[in-house]
Structures are given as structure tokens and as C-alpha cells.
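Colleague: Here is a sequence together with a model predicted from it:
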Amino acid sequence: MSEEFGPDFITVTDEDGNEFELEHLDTLEYNGQTYMAFFPAVAAGQDGEPADGEEEDYGLIILKTVLVNGEEQLSTLDSDEELEAVYQQFMESLFADEDEGD
């Protein structure tokens, strides 16, 4: 079976050099800016539970694309207000997709 339709994962590096693997959920355009929603990728143990005592209590991560020296990079949002507005857009988009499947 092809994994072409499986989840998309990316690895990001924070300003301290720590790498994180994220699962891409959705991308949207809002107020002329591109935003991407992710969940942290959690390695599962043999029983399907998170490995190494990790908890599944991870929230949605929203990043925006910015141009730095002509290259597109992911960045955190500038304010809590921007985060809340974009979060609401993602929730509407995700729940609209879920409603269409019913």
C-alpha cells in the first residue's frame, strides 16, 4: 500500500538548536499570510502508547511562513491576538472538513 496519503512530517529546529518532529495537519491563508497547523510527533511504544513515559497531552502548534533572505521559513506568531484569530480559522476549517465527511 502506498504511503502517499499518510501523514506529512517535518523536522524543525528552534533557536536553541533543538530538533522537533511535527505532523502537518493543515495550511491556510489568512489576512495575506500563510499559516500551518501541526501536532508534535510522538513516538509510540509497542503497545501503541507514547514511548518513554511521554504524555499525549500536546496541543496544536501554529506557525506562519516568512521570507528570510529570499527563503521561506516557519516562524512563531507575533501576538496572542494573532494566535487566537488564526486558531479560530483552523478550528472552523478542520470542523468544516469533518462535517463534510458525515
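Modeller: Arrived safely.
Colleague: Can you name the helix or strand that T27 falls in?
Modeller: Counting by DSSP states H and E, the secondary-structure element that holds T27 is strand 19-30.
Colleague: So which helix or strand of this protein has the lowest pLDDT on average?
Modeller: helix 80-101 (a mean of 85; mean pLDDT, DSSP states H and E).
Colleague: Now do the same contact list for the residue nearest the centre of the chain.
Modeller: Compute the mean C-alpha point of the chain, and by CA atoms, centre = their mean the closest residue is F38, 1.1 Å away. Residues in contact with F38, defined by CB atoms under 8 Å, 6 or more residues apart in numbering, are 10, 22-25, 60-63. In short, each C-beta sits where N, CA and C put it, glycine included.
Colleague: Please name every helix or strand in contact with the strand holding T27.
Modeller: With contacts taken as 3 or more CB pairs under 8 Å, 6 or more residues apart in numbering; DSSP states H and E, strand 19-30 sits against strand 8-13, strand 33-40, helix 80-101.
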